[in-house]
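Visitor: Please find the sequence and the predicted model below.
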Amino acid sequence: QLQLVESGGGSVQPGGSLRLSCAASESTLEGFAIGWFRQVPGKEREGVSCISWTGASTTYTDSVRGRFIISRDNAKNSVFLQMNNLKPEDTGIYYCAARVRCTMWPADFRTWGQGTQVTVST
């Protein structure tokens, strides 16, 4: 059974950068598209970015396009989210999730990691 583990969260000042990782624990990401989502208390989980299994197709929500870059290294069984020029509104718990095809809708995904906290503040 596919299990996902996120890492790389932390606290940074506005304008800073973080790199999140999503790895498969005791399983493989082979054949899976991976999406990144974020959630803050009191709000619904929202799609941030998604990458296809081959990496040929990527999607970003408008608020992060041009600042975040999603990538994957299938040899290392990992997906990454490079977050640059971070803003306070990027604060939240970031989750990765897997399914066969990319979508930006959390309800479409069944397999989730436990999340990693990202805090952007002065």
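Guide: Right, received. Where do you want to start?
Visitor: now the strands for this structure?
Guide: In the chain, the strands defined using DSSP state E lie at 4-7, 10-12, 18-24, 33-39, 46-51, 58-60, 68-73, 78-83, 92-99, 111-112, 116-120.
Visitor: Go ahead and name everything in contact with the last one.
Guide: With Cβ atoms under 8 Å, 6 or more residues apart in numbering as the contact definition, strand 116-120 has outside contacts at 6-14, 16, 18, 20, 38, 83, 86-94. The way it works is simple: take the backbone N, C-alpha and C, and place the C-beta from them, glycine included.
Visitor: which among these end up buried?
Guide: Buried by 16 or more other Cβ atoms under 10 Å: 6, 8-9, 12, 18, 20, 38, 83, 86, 90-94, out of these.
Visitor: As CSV, the residues you listed with pLDDT would be great.
Guide: Output for the buried ones among the contacts of strand 116-120, formatted as CSV (pLDDT from 0 to 100):
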residue, pLDDT
Glu6, 97
Gly8, 98
Gly9, 98
Val12, 98
Leu18, 98
Leu20, 98
Arg38, 98
Met83, 98
Leu86, 98
Asp90, 98
Thr91, 97
Gly92, 98
Ile93, 98
Tyr94, 98
